[in-house]
Every structure is written in C-alpha cells, then in structure tokens.
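Novice: need coordinates for the following:
(chains A, B and C, ligands or ions: 3)
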Amino acid sequence: MSYFDKRPPVKRYEHGSRVPGWDEAVDLTKPPATVPDPALTPVPAELREKIEAAMALYPDSKSASIPALHLAQQHHGWCSPEAIEQVACVMQLTPAYLTSVASFYDMFALTPKPKHDVYVCTNISCSLLGADEFYEQMCASAHGHEDIGVRGFECLGACDIGPMASVNGEYVGPLNLFDAQLIVEDLEAGRPVLEHKQLRNRAVADPQGRVADWTGIDPVGQEG
Amino acid sequence: MTPTHLLFDRIDEPGLNTLQGYEKRGGYSALRKAFAIPQAAIVEEISASGLRGRGGAGFKMGQKASFLPKGEMAKYLVCNADESEPGTFKDRELMQKCPHMLIEGMIITTFATGINHAFIYIRGEYELQADILEAAIAEAEAAGFIGENILGSGHSLKLVLHRGAGAYICGEETGLLDSLEGKRGNPRLKPPFPAIEGLYAGPTLVNNVETLATVPTIINMGGAEYAKIGTEGSTGTKLVSVSGDVQRPGNYEIVLGTSSREIIFDLCGGPKPGRTVKMWFPGGSSSPVLLEEDLDVAYDFDTLAKAGSMLGSGAIIVVDDTHSALEVAQKLTKFYAHESCGKCVPCREGTNWTHKMLARIESGEATPMDLDILASVQTQIIGNCLCVLGDAMAMPVGSIVAKFRDELEAEIEAASERANTVPVAPVQDAIPVGAH
Amino acid sequence: MPRPEQTIVKLTIDGREVEAIAGTMLVDAAKQVDVEIPYFCYEPKLGEPVGACRMCLVEIEGIPKLQTSCSTPVREGMVVNTTVDRVLEAQNSVIEFLLVNHPLDCPVCDKGGECPLQDYTFGWGRGKSRVIEPKRHFVKPLALSPLIAIDRERCILCYRCVRFSQEVAEDWQLIFTERGAHTFVGTHDGHPYVAPFSGNIVELCPVGALTSQPYRFRARPWDIEGAGGICTLCPSQCNVEFTVRDDKVVRVLSRENSAVDDGWLCDKGRFAYQAIHVDERITEPLVRGESGELESASWEAALGAARAIAGHRGRGAALVGGQATNEEAYLLGRIVREGLQSHDIDSRLSGTVELGLTRALAAPALQATVADLEFAHTVLVLGTEPVDDSPILDLRIRKGVRRNGVKLAIASARPSTLDPNATLSLRYAPGSEAEFLAGLDAALSGTAASDEFGALATLLKDGGEDVVILWGESLPAQALPTLLSIAGKLGLTDRDGAGLLEVPNGTNARGIREAGALPNAGPGYSEVQAGRNAAEIAAALTAGDVTVLYLFQVDPLRDLPARASWDAALGKAAVVVAHASVLTEGLARHADVVFPAESSAEKEGTIVHPDGRLQRLRAAIKHPGEVRASWQVLVDIAKATGVETGILTAGMAFQQLTKAVPFYAGLTLEAIGGRGLRWPETDAAAEMPAGAAPAPAKVQATEPAPEGKLLLGTYRSIWASTEVEISPALAFTIAEQLVELAPQDAIALGIEHGAAVQVAQNGTRLAGRAAIRTGVPAGTAFLAAGIAENSANALTESIVEVVKA
Ligand SMILES: Cc1cc2nc3c(=O)[nH]c(=O)nc-3n(C[C@H](O)[C@H](O)[C@H](O)COP(=O)(O)O)c2cc1C
Ligand code: SF4
Ligand code: FES
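Specialist: Ligands and ions are numbered 1, 2, ... in the order given. I've put the predicted structure just below:
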C-alpha cells in the first residue's frame, strides 16, 4: 500500500451546488440579452441623471459601472435584472456586462436583500476576539426581522474596534453579545445604531494623535 | 530632536478634516512650496527621502514616479485606498481625520509627474471616509487647489473619488485599475507595469494613501531631512495598525526601526494578563507569521524580511496562546479562498484545496501525511500565480504548517479520536452561501 | 494602420537556436523548433494573452520567477528552458490544481479523445492524484442556448469562450459571474446566448464544458474523418473542415485561413450542414407528371424531359444562383449561348451594370483584400450590413477597429450593428444611394452640401491613405460610376492595402460573373452580344418571347423582387428546368424538371471570393441518394443542345474555364490548393480587359413618404436561407417578418413593440411583427426580404403603409 492509500476515506459532499446559478440552465424562451434599446427600456429620470453624472466623471464612461450599480441598488433595493437592464440602457452596455461586474463584488446583491445590511466582520482579528460568537448571536437576534440582513463579512478595516460590524455603513464596535439585540432595536426604531460605539466618534489610539479637548469615545483599552 | 509624528500629530484635532482646520495648521503650504520648484526637483526630493510604498510591497516611491514616461500624454495617478488587507486600518484614520493631507500630497505628486487626472479608489465599505473625502475634494476645488491652472502654476488637475464595492483583490494595483475601468477587478499580467501601461492604457502611478499623504511632509522638511528619520533602508515614520490579542489595539505612528516588542507591549499593552504571544503577523494577514522569540526584531522593511516575514501594510496581528494554529490557518484560507479573483488556476484551486484540507483536519479525516501535502501545495502556489494573492495565503499558511507542525499533528490525532465517537458534519465548501 | 514591419530575433529554447519574428510569444517560437509547451488560455485569435491558466510557465535565464511563455515575447539572446525540474514541477502543479475539481468523466465526455486537458494530463501531469477531497457536482449538462450545452463541472475557467463573446464577436452576452472558485460561465438573468457567432465557443473550449447540441454524442473522435472544404452559404466563403462519419457530415469546424476567415465561422456556416442530410432535401430527379405534380423520376427520364429545351433555340434563358461554381456557370453560359443560341443569361439579379463599369469595378489594381480591412487607416462600409451579408467580415472589421485603431465609417439606410464601433455613421433614405454618393463625391471635391458629408470626406481624405470601401451589390447601378469616381479621388487604385471590396448578393457572384454568366459579358468579362437581364427575362417570358427558363439554384419567387410578376412569368414558360436542393415555392409551382443539386460538401469545383481568391471545393462525402455531380448534368444538357464540351471530369471543366478566362491563365487546382489563390496577384491579371466608367449621371432627390405612409427599406437577415430553414438545429432562428420602425413613427401609428402589424401596398398585404428600433430614421420601415413567408419580395413600390393588425 502506498503512502496515499493509507489515508482514511472522506465523507462525501451531499449532492448539489452551493453557488446560486451553477445548476441553472438558461430559459430558451427568452430573447438574447443585447444592449437595451432606449425606446424599449424605461429608466426613472432621477436614476438616469445620476448615472449620467457619474459617467461624465471619467475619461471612459464604462468606469462608472460600479457607481452606477450602487445607484441602481439604492434605487431598487437590490441589483435586480430590471435594475441592471436600466443601467445597461443608460450606459449602452449589455446587461451581461453589468451582471458580470456586479457579481464580482460583495456589496452588490443579485438576489433580493433585506433593507438593512448588518455586515459582521468574521475575519482574523475580530474572530480572535469572539466575532464568530457575535455573528451567531446577531443572526439569532435578527431572526424573524425580515428587513434585517445579517452577513458575515471579510475584514472591514476596523480591527481596532473588533469584534465589529458595519450596520448600514455605520461602523460599530467592540461588540459584545448583548449588542446584537440593541442593534436590532435601534434599526427597528429607526435610531442611529449603537451611538456609543460608533467608530466615527472614536479617538486615535496613538497618544500623540490625541488632543485635550477631544469629546468623543476613547480608544479601545484606553478608557479613563 | 527628530520628530516621531509626521502624520498623526494631534490628528484628533476637531475640524482638521475641513480645509479651514487643515490650513490653520499650515496645510497646503507644501503645495505652494512645490509650485515654486522645478517638477524634476520634486521627484528628486521624494527619491532623496527614501520613502518606500506603504501599501504592501515597499517599493520606493521616487523610483516608481521616475519610471513614468515624460512628456505630454494622458497619465494618471491612482491613490490606492482599498485598504482590505486583514488587520489594516491606518488609511481609514488618515482619510477620516485629515483628508486634505492626502489631497495635498496627490496634487504635489501630479504636479511633479505631469499628471492631470487623478483618482482615489476607496473601498466601498468606507462610506464615512468616502463622504469626508468627497467633501474635502469639493472644498479644495472651491479654493482653487484642484482644477485648471492651480494657484497660477499652470498645473491642472481633475480629482475623482471612486468607491469600490467589496473585493480584496481590488487592492492589488492592476486589479484596482481594471475595477476603476468599470470591469471585474481581475489583476492583469505584468509586464507591462502600470507606470508604462496602466489606467486606460496610459502611464499610471499607483500609490497607497499613506505614501501620498507623506509627500507634503517631505516637501516641507526636505527629502534629506526626512531620510534621517528611521533606518537607512526604511526611512521615516510608519503608521501601524495593531489588532488581535492586545490590550490597546489601534493605529500608532512609529519611527521605522523601533523594536516590535516595544510596539506590541509598550504601545499596545501586549496580550491580556496571563496570556503570551503565540504568533504574530508583522505586516497584515499575508505576511508569514513570527513567534514570540522574534518579538525583538526591529520593525522595518529589511529586518522583517531577514526574519522571514515582511512589513507589508504595517498591520500587526497578535495571536495569543488561547488560540490554536489550526483556527488561525482556517480563518486565513477562508478569507483568501473567498477573495481569490478566480482568474489564475493555482490561486483559485490552491486556496480552496487548502481550505478543504484544513477542514478535514478539523473533522478528523486527516492523517499527519496530509500536512506534507498541505505544505507542498503552498510551495506549488508560491511564485506560480498571476498576482501575489495566492502567495499571500501560501506564505502565512506555509509558515504556520512549518512552525506549528507538532501542534497540528496533535490536533489531527485528537480530531480523529473525536470523529470516531461523534459523527461529523459533511465537509463544507470554502465560502458560505449568502456571501452570494 | 499599415501592417507592422517585421524584424528577426535570435534566442535559445531548450538548447535549440530559434529565429523568430520580434513580437512572437515564446510558446509559438518554441513550436518552430518542435518544443511543445502546454497551454489552455492562450489563443492569439482572441487578442492579448491573459496569462490565467499558468500552464505555460517556463524558466528564462536571468529572471528569478517562472514566466508565462504565452505572454512573453521573444527577445534577442534569451535563453529559455522548458524541461528543467522547476518548470516540470509547475506544470505538474497546474494540472493537479485543475483536476481538484474537474470530473474524471472522460469515458462519457464528448470531448474525450480530442481534449487538450486529457492530453496534457497524460503528458505533463503527475500521473497520481493526491486529491481525495470530493469534487463539486452539479446538474449537467445544461442548455446555454438552443445550440450549445454547458457542463459547468468540467469548465476550467480558461477565459476562451467569454473572451470570444467579449473581445471578438463583441456581443458581450457570455460572461463570468461570481468570483474565485465560484466563478461560472453564464449569461444575464438566464437569457440564452444567442448571437450570430456563438458556435465558435464550442470549438474554443479546451475541455468538454461547451458542446454542440447537434453534435453531442453523434460520434467519437476515432469514428470520424476530417475533410477540408469551403462554406458556400454566403460570400465570405469561410474555410471549413467537415467532420464526416459514415459518409455523413456531422459537424463543421473552422479551417483557419487568415486571408479569408481568421479561423471563425458564423452559426449559419457551422450548423446549417444539417441541410445536407434532411428529408426536405431533394436527392432524386423530379419531373412534372401527367397529374401536374412533380414526381420522382429516373435520371434518364429527367434528362430526357430536360432535353425539350433544345427545341426552343433563340428563346431560352437562364438564371444562375450564387452557389454555382465557376465551372457550372461557365457551362451554363455555353448551354445558353452556344446551345440555345440565346444571350439571355444573368446572375447579377439586382440589376445589370454596363460592361465597362463592371470591368472597372473588378480591376485587379482596385481590389482590396479581406486582410486590408484589418490594417486600413479607414474603412467605409457602404450599403451593406456585414453581419447579415457576409458575417465573417463583421468580425474582421471589429478586429481592425479594436486592435489596430482602424477608423470606421458607415453609410447605410438601415442602422448597422457596427454603428457603436464607427467614428462616423451616416444614414440615407432607402433608394437614395446614388444621391448620397453624389453628395460624398462633391464633398471630396470640396463642396460639401452638409456637415455630415464634410466630416465623412475629411475622414476619408485625411485619415490616412489606406482606405477600403466595402460596398454592397445592392447599390443601384446608377450609383456605381460615382463610386468609381470616389475611389479615384481617394487614390485607391494601385495602392496595396487600399481599394474596393464588393459584398455581392451571392456566394460565388464574382466567379460566376468572371465565368461569363452575365447578359452583357462572356467568360473573362469579354464582349458579347447583349442579352436580357433577369427583369427583362421575366418580361420576355410574360410576352412569350422567351419560352424556356433554366434556373440554376435560384428561385425567383424566393430570391427576387416583384414576386407576383415572376409568378406570372414562370406560369407562361413552356419549359422550366431547375437545379435545386429544396423544393421552394416557385419550383414546386412551375418547374417541369428538377435536378437534385449538390451541397458544397459533395461538390468538386472552384469558386471565387469577392477579393479575387479562387478557392477549391472538394468532395468530403459521397453524393447522397441519386444526386449526381452538377457539372456532369450540365455537360449532358449541353450535349442535348448540340454542344460537345468534351469534359469528362471536374478538373477538365476547370481547365476549359482557365482557357476561356484569360486572366485565369496558368492557374491549376494544385496551385489553388487548400488556401486559395488570388488571381489579381498573378501575372495573368494583366489580361483583365480595361474598364471604362461612364460619367456619373444626374440623380433625382428621393421624396420622403407622404403623410401616414413610410418609405420602404429591406434587409436580408443572416438566417434568411433555405438551408437554415431545413436545418433542425437552426429552427429557432427562423424569423417571421420583423418590421423595423422608428420609435416616433411607432408612437404616431399607435404600434407597440412586438405587436402584430400589416404592411400594405397596392393591395398586397404582409403580416409581420413590429420591432421598434432606435436609430431607424423616422419615416422609414425596414422589412425582411428573402424569408419564406411574408417576404418583402412581394412588394414593388418604395412606399408602404404600416398598420396595427
Ligand atoms: C492582494 C493584494 C492586495 C493589496 N491590497 C492593497 C491595499 O488594500 N492597499 C494598498 O495600498 N496596497 C495594496 N496592495 C499593494 C498594491 O498592489 C500596490 O503595491 C500599492 O498600492 C502600491 O502603493 P505604494 O507603493 O504606495 O505602497 C495589495 C497587493 C496585493 C497583491
Ligand atoms: S467553458 Fe470552456 S472555454 Fe469557457 S472558460 Fe470554461 S473551460 Fe474555458
Ligand atoms: S488572485 Fe486571482 S489570480 Fe491571483
């Protein structure tokens, strides 16, 4: 018996794809998705204006695809096929071009998503400090709240307040297990989230960076 | 006495993020000074300062700037504000609290290199910082620091803030360029290097936020003076982001060459009482891990390289003895497998295979021989990928397998024992569903 | 952009000295000295290398890291090693990584036996797998389009297919979605990948991920043979390889010829081979029997019936369809002129051009080549839609614009799919081509009637000397003197890399004309007594002046305008003899004898590419059923009309042709070979009679359509062909009448996109569906011609009324 044959057997995957889309065939009754004809693809005027403004910022208007997808996602709540077709119409690209771009980036949702985004960082620094437990707690607390979407996220660039989360773009931390419930309550009440833990108000850790009249939150571990 | 704080000095000062606050502190004086000297001399000052890139690769900024072809043509400056390397959060603090320092550095750099188009590519998650930068750019524009014929110098600049949408690979400079061109952020083949053929196929200078924000200081104090700070090969100060198992995590500005122990213990308080440093990443999650015995190495580019690791982005992640090596390795591979762009084979398949092998260790389906395959797979990745994301996983994971082999073997044994008594869950794929 | 100059570089690969053209990539340089470097993602046809698969890593002395040989150009003095341990280790590794998830289903994979991954695994793999992790499993195969199946388990993400869609066809429908190991090939929101060139991705795929629905599991690589041929479904004349199993064509692949097709095929060329082996095909002679129906007959009976034409001397006429070979056209000319003692033969069915003008337009010095489209400074596409009329040229034009910065100008009545690539796109009203060209001609002389003309003239004059004008045969004859004048003003004569290139309406139109199938020219554009052209033949049939009509692979009811008058004319004919492969309506109603026509896969003969390249058809399969070689049938008919041709083989027919056409002198079938040969580049080209262009005539301005009516324009879609109609795989493309309308007209008429409409004119009514298209000039409607039902061919006037059905 050789070296490799001595290894124990592996329990098989259960059948099936874990990536949405992998197992899907095309719908042969649909027409090919070519560049949308402006006469046939209505685009909300406000969205069109914003996308056109973004396109004007770049030497090559294609550069505006990510900003335009952000705008479309804001407008439609997610990057729905309709949203993508509208962007494609304004930018005169194929919808596939934009689908390809959108699916590459974590912040674009190609399936309907809840209104509120809670990105819990589960990367190394945060997880050393208990991010995985917080993530589980956050999922549990948000359970039943249809409009709150909790996602584990890779490093969000705020390990100094780890474990941390980005709630609708607002960075908060360090989080303990009780904060999960508070986040849900703040979101449901339409309040600013965990105001006392918002990164925007936190002082720099470096003592020489500090000023005497600082009114915000002290750095982690340097309270009082 | 040489200064120790060039970027972070009283950075918390309220209002510093506004033009008024910045100018009150002498902001934009370096720009005026730069306009008074020949362009080539500015590049020389930067070269003389010895400033090495703060984004990860540590390439000398002056040298990179001098690669740009001279003469009239569409050239671009791109500020890399993607800051996605796990453990790194220094650019965030700078952009949020003193955005004009970066903007001033960019204006000087574009003037020195004859560039009229500049972009800041900021990661999409940094919404607050992006809003602040956008406001600052508008202020600078209104004040005539950006636009046509700036301060009568004849230099013109268009500066655009571009928000990304969540992809670590967009920190890699060529992936960033593709993303900025509105494509998927796949890295490009090099050569050609961006300085020759970059954004929109034009010569492009890509620099990190911290690198560019240091430029006004260099102009103000002079390159030679700046070079006196730090060590010979690693001049100046460096922002370090310290996180993980330390008591006072956060951003600190240090003089390059400071002892690592001083940073981790004196500045950051070290691990919680009663715990010890098991391993630490000196330059972000992509750097090979060092051990407690390495704590006295000087924190600079060359010494860390000699110690078998790298300074990288200046992000120190400390892991204390309550964590297992397997846990750390798994976190790393999950991240890199999730972030591999998928373009090249060794990175795409290697990161995932590594992740699956580690999962087998955890589920008790591995033997110590698997550690050999694990190690060999890391060497198969290193050097064979299109960009260095693959290496960025293989180097630290390889170092963990090498340095914690005994622990991993023990874990394999223990896990198999467990597996014989408790049924294991099916192996999961590297990336959980839901991360779409 | 003019072609780049070439310099030679010397280097060493595995100890062997190599001389290679500067810019050559190392993989290709290695091939020159028989060093094989494996690769997956490299494919120069697709553009710049991507360096994604990492299979081609080599060691270059002096560079610490291994380098991808697909993206590293040769440099003087380079020393390259491809067999050192670290390279072998890297190759082992990449194969191992690829197989982490690639299923080992080779025994049931359609690609097995002709699969690069299989071959490389054998040649460069470790031979032993260390992977015990389970692979991914997915539902397979799935439909990607009606033509293509996708097996995502097998995909190795080599980028070839998506790059084709994005960087060659530029249709941007096929994409990578998701990221990392989750990446998969797909489309937007489950839309199928349907585009004119989609089939190329099957040929590009280096594994069994993309397979052809019609070919899947029809054969294994060891059951088949390949036979070189030419696709005769359009004037592009792409070079193909027929995959033959049991004397049946089961697949068509590209046989790359950069002078013709660049290694691509359109889906018509790739999939319409099915028309060779379907029940609809006529495979035995038919003769109209007592009952008045066409009935199967023996060759003796059919030839006997056809001999009846011999009794109509002086009253016979022939129409030659575009798929005829040069030899067939030549023999038909002999039958009409010598046998039937008539002069009424035509192949330029859109209208006759004066002989002097024909010669001038075909002058060797004025001809541009296909490759010129890629390297010109400026290309003007005039009155043709390449993707429909000569699809492969569409890809070539895109390539020139994308890779070499060629400036593209488009002048057409209907919006073009190339408009987004064009520097300038001008529209004229349908029917006003002559007026448009007169305007351009004047602008080139300095008197531009509008800014548009001024801009176009400036682009053509100042954009660089190498200008290629790609013009469609449908330009009216009266516009052609002006076209020549324009060519003269731009100095296109005698300039390599510049000139005119005609897109004729028929595949071999150029060869057929050169063989003498024109009413006013004999073989070699020689002077002959003038006869009737197609329209005049119709009139003469109606008047009883012509009583016999020979239809060679053409059905006037299907292919020509004024359908009703042709119907009447054919009804009057005493004898109608046809060669056809499908019984189209006109033949079913009016033919007395129908000989089964050969497909291009069965034929021997030559054809001429629009740029003057003679190409050779060779028999890849035996004739099915009772089909006989058409040249042989024509020789028999000629004999019946009293012409002893003395021809016993296809080769002899070609020899006779080269004697009859002075500028073919010295050509041999061997010299034409598999790649073709451009006669304008031979010495004999000097024998081409000189042309003389008449002065451009004064033109009348086109009137806009009256209130409530629309100007009629027509288009012929790539899919409008009988071969497509009977190929089961292409059934999904068969189009109904799509009436293209400008958005504002549609609003004014209260017609919605996709709504059923009626197009009316002089009591003729066509049913169609509205297709609103931005870019269609207001006041114009474009209708499909050449389709089986509701074709625009039924219309005779230039004004139509479009109403909601
Ligand atoms: C996978 C990967 C991720 C990277 N991420 C970042 C980043 O987030 N920010 C950054 O400035 N540089 C990043 N870099 C380094 C850049 O490629 C590049 O070297 C740097 O932006 C150059 O700027 P500098 O010379 O000023 O350091 C990354 C490199 C790699 C390979
Ligand atoms: S489907 Fe084939 S051609 Fe396309 S990426 Fe996958 S392996 Fe390559
Ligand atoms: S990360 Fe994608 S290839 Fe290197």
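Novice: could you check which helix or strand contains residue B:319?
Specialist: strand B:315-320 (DSSP states H and E).
Novice: for that strand, give me every contacting residue.
Specialist: The contact list for strand B:315-320, computed with C-beta atoms under 8 Å, 6 or more residues apart in numbering or on different chains, reads A:124-125, A:128, A:159, B:85-90, B:240-246, B:260, B:263-264, B:268, B:270-272, B:275-285, B:289, B:328. From N, CA and C alone the C-beta is placed, and that goes for glycine too.
Novice: note down every partner strand of that strand and its orientation.
Specialist: As defined by DSSP bridges, the strand partners of strand B:315-320 come to strand B:237-244 (parallel), strand B:277-281 (antiparallel).
Novice: now the element after that strand, going C-ward?
Specialist: Counting by DSSP H and E, the next helix or strand C-terminal to strand B:315-320 is helix B:325-339.
Novice: that following helix close to ligand 3?
Specialist: No. Helix B:325-339 does not reach ligand 3 (C-beta under 6 Å from any ligand atom); its nearest approach is 7.7 Å.
Novice: angle of that helix against strand B:315-320?
Specialist: Relative orientation of helix B:325-339 versus strand B:315-320 (axes from the mean of the first three to the mean of the last three C-alpha atoms, to 10 degrees): 150 degrees.
Novice: how about helix B:325-339: buried residues?
Specialist: By neighbour count with 16 or more other C-beta atoms under 10 Å in any protein chain shown, helix B:325-339 contains the buried residues B:325-339.
Novice: quick one: contacts for the residue in the stretch 101-250 of chain B positioned nearest to ligand 1?
Specialist: Closest to ligand 1 within the stretch 101-250 of chain B is residue B:171: 2.2 Å, counting by C-beta to the nearest ligand atom. By C-beta under 8 Å, 6+ apart, the contact list for residue B:171 reads B:55, B:56, B:80, B:82, B:83, B:84, B:85, B:123.
Novice: per-residue pLDDT of it, please?
Specialist: pLDDT recorded at residue B:171 is 97.
Novice: ditto for the one 4 residues further on
Specialist: Residue B:175 carries a pLDDT value of 98.
Novice: is it true that it lies in a helix?
Specialist: Yes. Under DSSP: H, G, I helix; E, B strand; the rest coil, residue B:175 falls within a helix.
Novice: how many residues are close by it?
Specialist: 25 (other C-beta atoms under 10 Å in any protein chain shown).
Novice: taking the centroid of chain A, which residue is nearest it?
Specialist: By C-alpha atoms, centre = their mean, chain A has its centre lying nearest to residue A:107, at 3.6 Å.
Novice: ok, that one - contacts?
Specialist: Taking C-beta under 8 Å, 6+ apart, one finds A:70, B:124, B:125, B:165, B:166 in contact with residue A:107.
Novice: from those residues, which is closest to chain C?
Specialist: residue B:166 (10.1 Å; C-beta to the nearest C-beta).
Novice: contact partners for the closest one?
Specialist: Residue B:166 sits next to A:105, A:106, A:107, A:108, B:123, B:124, B:125 when contact means C-beta under 8 Å, 6+ apart.
Novice: out of those residues, which is most surrounded?
Specialist: Neighbour tally across the contacts of residue B:166 (other C-beta under 10 Å): the maximum, 28 neighbours, falls on residue B:125.
Novice: these two touch, right, that one and residue A:119?
Specialist: Yes. The criterion here is C-beta atoms under 8 Å, and residue B:125 meets it with residue A:119 at 7.3 Å.
Novice: ok, residue C:47 - how many residues close by?
Specialist: Other residues near residue C:47 number 15, with proximity taken as other C-beta under 10 Å.
Novice: how near is it to chain A?
Specialist: Between residue C:47 and chain A the computed distance is 17 Å (C-beta to the nearest C-beta, to the nearest Å).
Novice: now that residue: how far from ligand 2?
Specialist: Remark: distance between residue C:47 and ligand 2 (C-beta to the nearest ligand atom, to the nearest Å) = 15 Å.
Novice: near chain B, which residues of chain C? Just list them.
Specialist: Counting by C-beta under 8 Å from any C-beta of the partner chain, chain C comes close to chain B at C:49-55, C:57, C:65-66, C:68, C:71, C:89-90, C:93-94, C:96-98, C:100-101, C:130-131, C:133-134, C:136, C:156-157, C:159, C:176, C:178-183.
Novice: let's go with 6 Å and repeat that
Specialist: By C-beta under 6 Å from any C-beta of the partner chain, the residues of chain C that approach chain B are C:51-54, C:65, C:71, C:90, C:93-94, C:97-98, C:100, C:130, C:133, C:179-181, C:183.
Novice: and the residues you listed, which are buried?
Specialist: Buried members of these, scored by 16+ other C-beta under 10 Å, are C:51-54, C:71, C:90, C:93-94, C:97-98, C:100, C:130, C:133, C:179-181, C:183.
Novice: narrow those to those in helices?
Specialist: C:90, C:93, C:94, C:97, C:98, C:100 (DSSP state H).
Novice: burial of residue C:659, as a residue count?
Specialist: Look at residue C:659: counted by other C-beta under 10 Å, it has 12 neighbours.
Novice: so which helix or strand takes in it?
Specialist: Assigned by DSSP H and E, residue C:659 belongs to helix C:650-660.
Novice: buried stuff in the helix or strand following that helix?
Specialist: The C-terminal neighbour of helix C:650-660 among helices and strands, as given by DSSP H and E, is helix C:669-672. Within helix C:669-672, the residues scored as buried using 16+ other C-beta under 10 Å are C:669, C:672.
Novice: quick check: residue A:132 is in a strand.
Specialist: No. Counting by three-state DSSP, residue A:132 is located in no strand; its state is helix.
Novice: contact partners for it?
Specialist: By C-beta atoms under 6 Å, 6 or more residues apart in numbering or on different chains, the contact set of residue A:132 is residue A:122.
Novice: quick one: mean pLDDT for the helix holding residue C:659?
Specialist: 97.
Novice: repeat that for stretch B:48-64.
Specialist: For stretch B:48-64, mean pLDDT rounds to 97.
Novice: same deal with stretch C:171-181?
Specialist: In this model, stretch C:171-181 has a mean pLDDT of 96.
Novice: could you do stretch B:201-209 as well?
Specialist: Averaged across stretch B:201-209, pLDDT comes to 98.
Novice: is it anywhere near ligand 1?
Specialist: Yes. Judged by C-beta under 6 Å from any ligand atom, stretch B:201-209 comes into contact with ligand 1 at B:206, B:207, B:208.
Novice: nearest to residue C:524, of those?
Specialist: Closest approach between the residues of stretch B:201-209 next to ligand 1 and residue C:524, by C-beta to C-beta: residue B:206, at 64.2 Å.
Novice: redo the ones in helices among the buried ones among the residues of chain C next to chain B as CSV? Include pLDDT and distance to ligand 1.
Specialist: As requested, those are exported to CSV (pLDDT from 0 to 100; distance: C-beta to the nearest ligand atom, whole Å):
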residue, pLDDT, distance to ligand 1
C:90, 97, 20
C:93, 97, 20
C:94, 97, 20
C:97, 97, 19
C:98, 96, 22
C:100, 94, 21
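Novice: mind listing what's buried in stretch C:552-565?
Specialist: C:552-563, C:565.
Novice: and what of stretch B:151-167?
Specialist: Neighbour-count burial for stretch B:151-167 [16+ other C-beta under 10 Å]: B:155, B:157, B:158, B:159, B:160, B:161, B:162, B:163, B:164, B:165, B:166, B:167.
Novice: strands - which of the residues you listed land there?
Specialist: Among those, the members found in strands (DSSP state E) are B:158, B:159, B:160, B:161, B:162, B:163.
Novice: phi first, then psi, for the residue nearest to the centre of chain A.
Specialist: Per-residue torsions, residue A:107: phi -80, psi -10 (degrees, to the nearest 10).
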